[in-house]
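# Give me a 3D structure for the following:
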Amino acid sequence: MVYEANARVQDPVYGCVGAISSLQHQLDGLRAQLALAQAEVAHLRMLPSPTTCAASWILDSDDVTYPAATIHMKAGSIAISTVLIMDVVSQ
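Okay, here's the model as predicted:
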């Protein structure tokens, strides 16, 4: 009740309901971000293994681009850079 009274003093119109509403909006946004991250992880897990693909492709350059990943092959080492699904869709 003390929190509710202090919230009513700070926000006479909404009181603690305004804080609860704000937290609910933040929670909704975080759930959406989590869903996007989970979708990206699932998408990346479905991509072929970089070592298998690199071995089976005839490479004309140092970089091979996949829908959501770029494999950089330099001096026997492999570095993979990934992009968000949103970026891939927007391209």
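# What about Arg5, how many residues nearby?
Just so we're on the same page, residue 5 is Ala rather than Arg. 11 (other C-beta atoms under 10 Å). Every residue, glycine included, has its C-beta placed from N, CA and C.
# Output the longest helix belonging to this protein.
If you go by DSSP state H, the chain has its longest helix at helix 16-46.
# could you give me the average pLDDT of it?
When pLDDT is averaged over helix 16-46, the result is 93.
# Buried by neighbour count: which residues of it qualify?
Neighbour-count burial for helix 16-46 flags 40, 43 (criterion: 16 or more other C-beta atoms under 10 Å).
# That helix packs against which elements?
The contact analysis (3 or more C-beta pairs under 8 Å, 6 or more residues apart in numbering; DSSP states H and E) places helix 16-46 against helix 2-10, helix 85-90.
# Those: lowest mean pLDDT?
Across the helices and strands packed on helix 16-46, helix 85-90 gives the lowest mean pLDDT, at a mean of 42.
# Now do Leu27 against Val13, distance only.
Distance from Leu27 to Val13, counting by C-beta to C-beta, to the nearest Å: 22 Å.
# And for Leu47?
Leu47 is 51 Å from Val13, by C-beta to C-beta.
# Who has more neighbours out of those two?
Neighbour count, other C-beta under 10 Å: between Leu47 and Val13, Leu47 has more, with 14 against 7.
# quick check: domain ranges of this protein?
Segmentation of the chain into domains, based on automatic domain parsing, reads 1-46, 48-91.
# per-residue pLDDT, Ile78?
So Ile78 comes in at 55 (pLDDT).
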